[in-house]
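# sequence? don't have it. structure:
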């Protein structure tokens, strides 16, 4: 493990009010010390094995490979990690760091709910008091994860804001932290925010990339492309981490194309209309109007509709090391159906964007090459969205009948 720096080209930094300087400086120093401590690494590895369930498999998608007729398709199954997604890797690292710093309380933001769920579970395991900020819109569409967070003992706080989504939840978490940092750690869930968070989240998520490299070497694969979905970017930067400084394989980040190309219809920063700006304490590319006001976003997946992107990913995109593309809502749903039917795997809607892009790419790649998809999470959490989209009135009737049964 090693820290690079606070800036990635012109992106990154620590653009915060004076009240947050002290906790950020304290966190940065604790993080640097932890990375040099073999006991911290030992604890991280032990929890990763015993609690998270690492390493996660690299699955050969044999049926998909045959059907597409191109590159050998492999899937990194982060959805098999405890709590159902890659988020637990970063949560583990930050909770160990908070314990080391003597913090007693953890706060976090969440969009799709996977980061909140992982945080709630780890806080239950380690004995932290836990509060999760979640937009009202996301609470409605990710109700199963809210149920599990509360079961783990977390307090889930609804946030109204403009859109009631992840952006608003981050704002509220930062407000809380600015007045409570003496005993509280803000466990930010993606590779963004003020330094040292982008470095820290990447380092804790780089366990994915290290495993992929070991698995690829063991299998002797010639990997042409690696594909990951990108909201804020924690799964992507962790997945790509061991390959960034190499000339190959190609690295592809997939953003939410949503339901159209107009303002408020998508969340495509790198492959769309992102502008340089500063939000949530860091400089990157954001979806804003000409006056710098943050635009609304849309994605069928709650984890991809954030208006910004992590600074290292923005830098690597501008530099050309990572290519970016979009998949719309319909394409993500079609990919989710495809992998469920042909591989027996239910991708999270976020991860399904990466799956859809890989389907498009695979037939263009020679059979002796491989393409790897990072399945950042599984789709259990999306059951209400998926059932509504795929079952329609049948699902609505079921819910109405359940309401009647519960009332009786």
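Good, I have the coordinates. Keep in mind the model is a prediction, meaning the values are calculated, not measured. Numbers count the residues shown, from 1 in each chain.

# helices or strands up against the longest strand seen in the chain?
Longest strand in the chain, counting residues (DSSP state E): strand 250-258. Judged by 3 or more C-beta pairs under 8 Å, 6 or more residues apart in numbering; DSSP states H and E, the packing partners of strand 250-258 are strand 223-229, helix 311-319, strand 322-328, helix 329-343, helix 349-362. To be clear about C-beta, it is placed using only N, CA and C from the backbone, and glycine gets the same treatment.

# Out of those, which gets nearest to residue 82?
Closest approach to residue 82 among these is made by helix 349-362 (16.8 Å; C-beta to C-beta).

# Mind giving me the packing neighbours of the closest one?
With contacts defined as 3+ C-beta pairs under 8 Å, 6+ apart, the packing partners of helix 349-362 are helix 62-68, strand 223-229, strand 250-258, strand 322-328, helix 329-343, strand 370-375.

# try it again with 6 Å
With contacts taken as 3 or more C-beta pairs under 6 Å, 6 or more residues apart in numbering; DSSP states H and E, helix 349-362 sits against strand 223-229, strand 250-258, strand 322-328, helix 329-343, strand 370-375.

# quick revisit: mind checking how far the longest strand of the chain is from the chain centre?
Offset of strand 250-258 from its chain centre (C-alpha atoms, centre = their mean, to the nearest Å): 13 Å.

# one step back: of the helices and strands packed on helix 349-362, flag the one that's most buried.
strand 370-375 (a mean of 29; mean count of other C-beta atoms under 10 Å).

# Do me a favour and average the pLDDT over that strand.
Across strand 370-375, the average pLDDT comes to 98.

# With distance to residue 70 added, can I get the helices and strands packed on helix 349-362 in a markdown table?
A markdown table is the format used below for the helices and strands packed on helix 349-362 (distance: least, C-beta to C-beta, whole Å):
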| stretch | distance to residue 70 |
| --- | --- |
| strand 223-229 | 10 |
| strand 250-258 | 14 |
| strand 322-328 | 17 |
| helix 329-343 | 15 |
| strand 370-375 | 8 |
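
# can you tell which of these is closest to residue 77?
Nearest to residue 77 among the helices and strands packed on helix 349-362 is strand 370-375 (5.6 Å), distances taken as C-beta to C-beta.

# and residue 169, how many neighbours does it have?
The burial count assigned to residue 169 is 29, neighbours taken as other C-beta atoms under 10 Å.

# before we move on, the earlier item: of the helices and strands packed on strand 250-258, which is nearest residue 22?
In this view, the helices and strands packed on strand 250-258 are compared for proximity to residue 22 by C-beta to C-beta, and helix 311-319 is the closest at 22.0 Å.

# Nearest approach to residue 125 belongs to which of the helices and strands packed on strand 250-258?
Residue 125 sits nearest to helix 349-362 of all the helices and strands packed on strand 250-258, at 24.6 Å, using C-beta to C-beta.

# Next, the angle from that closest one to strand 250-258.
120 degrees (axes from the mean of the first three to the mean of the last three C-alpha atoms, to 10 degrees).

# Could you pull up the mean pLDDT of helix 349-362?
Averaging pLDDT along helix 349-362 gives 98.

# The helix or strand just after the longest strand of the chain pairs with which strands?
Downstream of strand 250-258, the first helix or strand assigned by DSSP states H and E is strand 275-279. Within its sheet, strand 275-279 is paired with strand 282-286 (antiparallel), according to DSSP bridges.

# tilt between the partner strand and helix 311-319?
Counting by the same axes, to 10 degrees, strand 282-286 points 50 degrees away from the direction of helix 311-319.

# any chance of the helices and strands packed on strand 250-258 in TSV, with distance to residue 170 too?
Output for the helices and strands packed on strand 250-258, formatted as TSV (distance: least, C-beta to C-beta, whole Å):
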stretch	distance to residue 170
strand 223-229	19
helix 311-319	15
strand 322-328	22
helix 329-343	23
helix 349-362	17
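
# closest one to residue 142 among those?
Closest approach to residue 142 among the helices and strands packed on strand 250-258 is made by helix 349-362 (10.3 Å; C-beta to C-beta).

# how far out from the middle of the chain is that closest one?
Per C-alpha atoms, centre = their mean, the centroid offset for helix 349-362 relative to its chain is 15 Å.

# Contacts made by it with the rest, please.
68, 70-71, 73, 225, 227-229, 254, 300-301, 303-304, 325, 327, 331-332, 335-336, 339, 347, 371, 373, 375-377, 382 (C-beta atoms under 6 Å, 6 or more residues apart in numbering).

# Show me which residues of the longest helix along the chain are buried.
Criterion DSSP state H: the longest helix present in the chain is helix 197-219. Going by neighbour count (16 or more other C-beta atoms under 10 Å), the buried part of helix 197-219 is 197-209, 211-212, 215-216.

# Can you list the helices and strands that that helix packs against?
Here helix 197-219 touches helix 87-100, helix 234-240, going by 3+ C-beta pairs under 6 Å, 6+ apart.

# how about 8 Å then?
On a contact count with 3+ C-beta pairs under 8 Å, 6+ apart, helix 197-219 meets helix 18-35, strand 58-60, strand 72-77, helix 87-100, helix 234-240, helix 311-319, strand 370-375.

# Among those, which comes closest to residue 274?
Of all the helices and strands packed on helix 197-219, helix 311-319 sits nearest to residue 274, with 7.9 Å by C-beta to C-beta.

# what inclination does that closest one have with respect to strand 322-328?
Interaxial angle, helix 311-319 versus strand 322-328 (the same axes, to 10 degrees): 100 degrees.

# mean confidence score for helix 311-319?
Helix 311-319 shows a mean pLDDT of 97.

# All further residue positions should be reported with the first residue as 2.
Happy to do that; since the first residue is 2 now, the last one works out to helix 312-320.

# mind checking how far that helix is from the chain centre?
Per C-alpha atoms, centre = their mean, the centroid offset for helix 312-320 relative to its chain is 17 Å.

# quick one: that helix to strand 224-230, angle?
Angle of helix 312-320 versus strand 224-230, following the same axes, to 10 degrees, is 130 degrees.

# Just the buried residues of helix 312-320, please?
Neighbour-count burial for helix 312-320, counted by 16+ other C-beta under 10 Å, picks out 312-319.
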